[in-house]
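# Here you go, sequence then predicted model.
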Amino acid sequence: MMRFTEIFVAIAADPWLEVVNFYQALLSCEPTTYSKNHYAEFQSDGLKLGIFQPSPQHRTEFAPAAGALSLCLEVENLEKAIATIQTLGGTVQPDITQASHGRECYAYDPVGNRLILHQK
């Protein structure tokens with residue numbers, strides 16, 4: 001059996017700094033690891049999130065595309081979270097849906113990675 005020492009989320013970003021600034025403001029914390037123009041890592045409330053600049057030979061591999069993976073953020077106030085995402089340069093789909101587990105909507109960071117904002 002394979003054992004993991006850690007599992008975390010990593011996001012490819014170009015423009016890198018814009019996305020780092022977005023998550024720094026969204027998570028309200030400084031990166032715990034920072035390598036200028038290459039990598040930033042955040043740890044906040046049980047989440048470890050890495051933001052990296054893909055190398056030139058791999059940029060097309062990480063081109064934005066709608067996919068099955070989403071970063072789900074449970075929030076205390078959905079309307080406040082929506083306003084925060086928009087203020088920070090992200091976008092939000094206008095529809096708030098009522099799922100079996102609560103209210104939610106889709107949002108996107110500055111390079112189009114999907115965020116699911118969820119309120120119980």
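Noted; the coordinates are in hand.

# my guess is residue 70 meets residue 117, correct?
No. The pair residue 70 / residue 117 is not scored as a contact, 10.2 Å apart, by C-beta atoms under 8 Å. Just so you know, the C-beta spots here come from the backbone N, C-alpha and C atoms, and that holds for glycine as well.

# Which residue of the two possesses the greater neighbour count?
residue 117 (24 against 13; other C-beta atoms under 10 Å).

# Before we move on, what's the pLDDT of the residue nearest to the more buried one when sequence neighbours are not counted?
For residue 117, ignoring the flanking residues on the chain, the nearest one in space by C-beta to C-beta, 6 or more residues apart in numbering is residue 81 at 4.9 Å. pLDDT, residue 81: 96.

# Just to be sure, residue 81 is in a helix?
Yes. Assignment of residue 81 by DSSP: H, G, I helix; E, B strand; the rest coil places it within a helix.

# Could I get the contacting residues of it?
Applying C-beta atoms under 8 Å, 6 or more residues apart in numbering, we find residue 81 in contact with 73, 75, 107, 117, 119.

# what sits up against the helix of greatest length in the chain?
The longest helix of the chain (DSSP state H) is helix 16-27. With contacts defined as C-beta under 8 Å, 6+ apart, helix 16-27 is touched by 11, 13, 30-31, 37-38, 40, 42, 44, 47, 49, 51-53, 84-85, 88-90, 109-111.

# at 10 Å what do you get?
For helix 16-27, contacts defined as C-beta atoms under 10 Å, 6 or more residues apart in numbering pick out 11-13, 15, 29-31, 34, 36-45, 47, 49-54, 71, 73, 81, 84-85, 87-90, 107, 109-111, 113, 115.

# Now do the helices in the chain.
Under DSSP H, the chain gives helices at 16-27, 78-87.

# give me the low-pLDDT residue ranges for this protein?
64, 66 (pLDDT under 70).

# Would you map the strands across it?
For the chain, applying DSSP state E gives strands covering 9-12, 33-35, 39-44, 47-52, 71-74, 91-92, 97-99, 102-108, 114-119.

# now the ones you listed as TSV including distance to residue 22?
Shown next, in TSV, are these (distance: least, C-beta to C-beta, whole Å):
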stretch	distance to residue 22
strand 9-12	10
strand 33-35	15
strand 39-44	11
strand 47-52	9
strand 71-74	12
strand 91-92	11
strand 97-99	24
strand 102-108	10
strand 114-119	10
